[in-house]
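In: build me a model:
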Amino acid sequence: MKSTEQRKKRSLLIVYIAISIIVVLGTVLPFALPREDIISGTGMVKFVNLEGGFYGIIADSGIQYDPTNLDRNFEQDNLRVKFEGRIRSELVNTHQWGTILELTRIEKLP
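Out: Numbering: from 1, shown residues only. Purely as a prediction, here's the structure:
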């Protein structure tokens with residue numbers, strides 16, 4: 001029969017292994033799973049004269065995006081851009097125009 005000390009060590013080892021598996025899966029899985037909320041495309045920056053005015057992006061597909069973090073260097077009406085970002089459906093704003101988008105990358109196109 002196993003001693004109490006051996007049972008404690010075995011139980012601690014099992015707990016340690018379980019915690020290690022949870023930590024590894026929690027770190028790796030978010031990067032391995034497809035991200036449906038990440039979009040990319042090309043379009044045009046447009047000044048929208050609502051709620052005091054702001055700059056949005058109208059994608060070539062016709063979808064309107066309201067970027068939360070558009071750099072001032074891109075605040076030019078009719079500027080062609082290539083962009084990538086994360087849809088932020090959990091956010092609301094006063095613009096009530098387009099889909100809220102947190103840009104992760106944007107570049108000017110010729």
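
In: please make it C-alpha for all contacts and neighbour counts, starting now.
Out: Fine.

In: mind giving me the domain ranges of this structure?
Out: Using automatic domain parsing, the domains assigned to the chain come out as 1-33, 38-108.

In: tell me where this protein is predicted with low confidence.
Out: The model of the chain has pLDDT under 70 over residues 1-2, 24-36.

In: partners of the helix or strand encompassing Y55, with directions?
Out: Using DSSP states H and E, Y55 falls within strand 54-59. Counting by DSSP bridges, the strands paired with strand 54-59 are strand 38-48 (antiparallel), strand 64-67 (antiparallel).

In: and those strands as TSV, adding distance to E107?
Out: Below are the strands paired with strand 54-59 laid out as TSV (distance: least, CA to CA, whole Å):
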stretch	distance to E107
strand 38-48	10
strand 64-67	14
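
In: which stretch among those comes nearest K108?
Out: Of all the strands paired with strand 54-59, strand 38-48 sits nearest to K108, with 9.6 Å by CA to CA.

In: surely G53 is in contact with D66?
Out: No: here G53 does not reach D66: they are 11.7 Å apart, not a contact under CA atoms under 8 Å.

In: and those two? Which one has more around it.
Out: Using other CA atoms under 10 Å, the more surrounded residue of G53 and D66 is D66, with 25 against 10.

In: pretty sure the more buried one sits against G56.
Out: Yes: D66 is within contact range of G56, at 4.8 Å (criterion: CA under 8 Å).
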